[in-house]
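Asker: Model the following, please.
(one chain, ligands or ions: 1)
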Amino acid sequence: MRILLVEDDRSIASSVVEGLESSGFSVTHVATGAGALAAAEHDMVLLDLGLPDMDGRDVCRELRARTKAPIIMLTARSEEFDRVLGLELGADDYVTKPFSFRELVARIRAVARRTTTEPGAPAEDPAAPQSIAGLKIDRRTRRVFIDDQEVHLTAKEFDLLAFLAGDIGAVRTRTEILENVWDAHWYGPTKTVDAHVASLRKKLGGHEWIQAVRGVGFRLEPPE
Ligand code: CA
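Answerer: Below you'll find the predicted structure:
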């Protein structure tokens, strides 16, 4: 496994490089955010949050946009790294300094197991049906299933579901929904959205899938 280590602290970097190499990893070390963004593709990135030239969060976001390689953030306790924010930026995990080498390797292996696709598995097909818990959305055929039972939706209900499912857990405002599902120039009542959400919920078998966020909009999330 080729690991990119982004760390400006020389003593941490040299001990991590030495340890990882003796454990059989191949390591490239860079000390800046710019270096990280210029580096070739790796299988995993260990990214220090506090870098001299860029905020590690920005580096994380940039890297996530360019590579599928898992990212483990290395954070100092004083940096109050917000785990949720980190995951939103695209980090797969984080390790708080000071960490033991064993802990770091355990995290690397755990993240690798979680994110690696089986060798020989077919590449991800963007047209493949999307599965979220028991819900399956096939955009190509515009069919929806819950636990393999087909759910018959109207065209707008399908578009609404597909739009919400485009970003699981993200809150979409009524205006965003209207613009994307109906028409960019819709000036009608936003109650239309609520009516469709209500009928969609009914067909999905409950309120749990589509949650209302008071005063904001709706989000799709698998029931607990
Ligand atoms: Ca640092």
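
Asker: In this protein, which residue sits nearest the ion?
Answerer: Closest to the ion within the chain is residue 50: 3.8 Å, counting by Cβ to the ion. For glycine as for every other residue, the C-beta is placed from the backbone atoms N, C-alpha and C.

Asker: Pairing-wise in the sheet, spell out the partners of that residue.
Answerer: Beta bridges link residue 50 to residue 55, judged by DSSP bridges.

Asker: for it, what are its contacts?
Answerer: Applying Cβ atoms under 8 Å, 6 or more residues apart in numbering to residue 50 gives the contacts 8, 56, 75-76, 79.

Asker: quick check: domain ranges of this protein?
Answerer: As recorded under automatic domain parsing, the domains making up the chain are 2-115, 130-220.

Asker: First-to-last residue distance for the first one?
Answerer: Okay, so that is domain 2-115. End-to-end distance of domain 2-115: 15 Å, with Cα to Cα, to the nearest Å as the criterion.

Asker: Quick one: classify residue 215 as helix, strand or coil.
Answerer: coil (DSSP: H, G, I helix; E, B strand; the rest coil).

Asker: Now find how far off-centre the host helix or strand of residue 163 is within its chain.
Answerer: Using DSSP states H and E, residue 163 maps to helix 155-165. Put simply, helix 155-165 sits 21 Å off its chain's centre (Cα atoms, centre = their mean, to the nearest Å).

Asker: repeat for stretch 88-97
Answerer: How far stretch 88-97 lies from its chain's middle: 11 Å, per Cα atoms, centre = their mean.

Asker: okay, it in CSV with CA atoms only?
Answerer: This file holds the C-alpha atoms of stretch 88-97, laid out as CSV (Å, rounded to 0.1, in the frame of the first residue of the first chain):
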residue,chain,number,x,y,z
GLU,A,88,-18.2,16.0,5.9
LEU,A,89,-14.9,17.2,4.4
GLY,A,90,-14.4,13.7,3.2
ALA,A,91,-12.0,12.3,5.8
ASP,A,92,-12.5,8.6,6.6
ASP,A,93,-11.1,8.7,10.1
TYR,A,94,-8.8,10.7,12.4
VAL,A,95,-6.1,10.0,14.9
THR,A,96,-5.4,12.4,17.8
LYS,A,97,-1.8,13.2,18.6
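
Asker: Now do the same contact list for the residue lying closest to residue 31 once chain neighbours are set aside.
Answerer: Take residue 31 and drop its neighbours on the chain: the residue closest to it by Cβ to Cβ, 6 or more residues apart in numbering is residue 8, 4.5 Å away. Contacts for residue 8 (Cβ under 8 Å, 6+ apart) come out as 31-32, 48, 50-52.

Asker: Checking residue 8 next. Helix, strand or coil?
Answerer: Residue 8 is classified as coil under three-state DSSP.

Asker: Kindly report the residues of this structure close to the ion.
Answerer: Counting by Cβ under 5 Å from the ion, the positions of the chain adjacent to the ion are 8, 48, 50.

Asker: Pipe those residues into a markdown table and attach pLDDT and distance to residue 111 per row.
Answerer: Output for these, formatted as a markdown table (pLDDT from 0 to 100; distance: Cβ to Cβ, whole Å):
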| residue | pLDDT | distance to residue 111 |
| --- | --- | --- |
| 8 | 95 | 22 |
| 48 | 93 | 16 |
| 50 | 90 | 21 |
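
Asker: Nearest to residue 92 among those?
Answerer: residue 48 (15.4 Å; Cβ to Cβ).
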